[in-house]
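In: need a structure here:
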Amino acid sequence: MVERRNSAVGEQGSGGDEERAKPVEKAAPKRTAAKRATAVEAAGTAATAPAPAKPPASSNTPESPKPPKPSKSPKSESRTALVRRARRINRELAEVYPYAHPELDFENPFQLVVATVLSAQTTDLRVNQTTPGLFAKYPTPEDLAVADPEDVEEILRPTGFFRAKTRSVIGLSQALVEQFDGEVPGRLEDLVKLPGVGRKTAFVVLGNAFGRPGITVDTHFQRLVRRWRWTAETEPDKIEAAVGSLFPKSDWTMLSHHVIFHGRRICHARKPACGACPIAPLCPAYGEGETDPEKAKKLLKYEKGGFPGQRLNPPQAYLDAGGRPAPPLGAG
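Out: Coordinates of the predicted model:
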């Protein structure tokens, strides 16, 4: 009996011990929290402690610095600052390309308008290699207006899209004979009425055959003026208006040559040679291409890279600056 009472007391005591232990259990999380706080504090102290110095990189494998990110100047640059930067870029390019010129061979306005129409979807080099044969056989609008389309197609085949181009050059020749007495008009509104002639072609003709200022918005011009943050427009007419407002009208023709020359030689579409670019300090897109100077030099084209140009008969100023004529068709 005593044992049973002791057993009962033991069970009751056990229960009593649990009740008395409950406050202890409630305090346990506080101790755990305190431990966690101590651990977090210790971790924070460790995080703020100076990291051990890394061993110097091997001189055989130097770490090259990352190129700077392009500046988002349109949102932060004032109109006045944009105008100043744009005009300075043009001045710098004028010093780099004092021999800039249209890269189509021509002797008169008729040859220039035909060559410019043929330059669509091909290179100026290919046009320059093709037009000598065309103009030897059809030297005037009157001759080309009555040409056999199949004969013209065969001559123009190397330029690509030769059937459509044949229709354009025969059509514009007929329009010149019928509407302008065989003469190329010197007004924009007349030029754009000719088959195959748009604003870009018209401004090439006006600026280089008639000395009337115009902006030539070709693929190179569009790419560069957006890289330079001169405009965010994407349509040629709007690009023409936006860029034209940054410069005096008298600068427009040579501005076009400077920009196009730079786009063909240094500021390429896929791999711009940023490390060899003379206007890098003014360019918000610096770093999009190769920034290492030695590697960038290998990307230069035409006279800047020691290669022939696109014209078979370039201006003397181009030859004096070290430029080389392009080879004739089939010369290798």
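In: what about the nearest residue to Glu303 once chain neighbours are set aside, helix or strand, and which?
Out: The spatial neighbour of Glu303 that comes closest, neighbours along the chain excluded (CB to CB, 6 or more residues apart in numbering), is Gly323 at 4.1 Å. Quick note: C-beta positions are derived from backbone N, CA and C, even for glycine. Assessed by DSSP states H and E, Gly323 sits outside every helix and strand.
In: For the stretch 101-250 of the chain, just list every one of the helices.
Out: Residue ranges of the helices in the stretch 101-250 of the chain, as given by DSSP state H, counting those that start in this stretch, are 109-118, 124-137, 141-145, 149-156, 162-180, 188-191, 199-209, 219-227, 236-244.
In: could you redo those as CSV and give each row mean pLDDT?
Out: CSV is the format used below for those (pLDDT from 0 to 100):
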stretch, mean pLDDT
helix 109-118, 98
helix 124-137, 98
helix 141-145, 98
helix 149-156, 98
helix 162-180, 98
helix 188-191, 98
helix 199-209, 97
helix 219-227, 98
helix 236-244, 98
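In: Just give me the neighbour total for the residue nearest to Glu303.
Out: One way to gauge burial is a neighbour count; for Gly323, by other CB atoms under 10 Å, it gives 22.
In: where does it land on pLDDT?
Out: Gly323 is assigned a predicted lDDT (pLDDT) of 97.
In: surely it meets Gln310?
Out: No. In this structure, Gly323 is not within contact of Gln310 by CB atoms under 8 Å, at 10.0 Å.
In: any common contacting residues for the two?
Out: Tyr302 (CB atoms under 8 Å, 6 or more residues apart in numbering).
In: Give me the distance between Gln155 and Thr166.
Out: Quick fix: residue 155 reads Ile, not Gln. 9 Å (CB to CB, to the nearest Å).
In: Of these two, give the one with the bigger neighbour count.
Out: Taking neighbours as other CB under 10 Å, Ile155 and Thr166 compare with Thr166 leading, 24 against 20.
In: For that one, which residues are in contact?
Out: Pro149, Val152, Glu153, Leu156.
In: pull the CA atoms of stretch 287-304 into PDB?
Out: Only the C-alpha atoms of stretch 287-304 are listed here, as PDB (Å, rounded to 0.1, in the frame of the first residue of the first chain):
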ATOM      1  CA  GLY A 287      32.000  50.600 -75.400                       C
ATOM      2  CA  GLU A 288      29.400  49.000 -77.700                       C
ATOM      3  CA  GLY A 289      32.300  47.800 -79.800                       C
ATOM      4  CA  GLU A 290      36.000  46.800 -79.400                       C
ATOM      5  CA  THR A 291      37.700  49.200 -77.000                       C
ATOM      6  CA  ASP A 292      41.200  47.700 -77.100                       C
ATOM      7  CA  PRO A 293      43.200  50.000 -79.400                       C
ATOM      8  CA  GLU A 294      45.200  47.200 -81.100                       C
ATOM      9  CA  LYS A 295      42.200  45.000 -81.700                       C
ATOM     10  CA  ALA A 296      40.200  48.000 -82.900                       C
ATOM     11  CA  LYS A 297      42.800  48.900 -85.500                       C
ATOM     12  CA  LYS A 298      42.200  45.500 -87.100                       C
ATOM     13  CA  LEU A 299      38.600  46.400 -87.700                       C
ATOM     14  CA  LEU A 300      39.300  49.600 -89.700                       C
ATOM     15  CA  LYS A 301      38.300  49.600 -93.400                       C
ATOM     16  CA  TYR A 302      39.300  51.200 -96.700                       C
ATOM     17  CA  GLU A 303      42.000  53.800 -96.400                       C
ATOM     18  CA  LYS A 304      42.000  53.800 -92.600                       C
END
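In: Give the buried residues for that stretch.
Out: Residues Gly287, Glu288, Gly289, Glu290, Thr291, Ala296, Leu299, Leu300, Tyr302, Glu303, Lys304 are the ones in stretch 287-304 that count as buried (16 or more other CB atoms under 10 Å).
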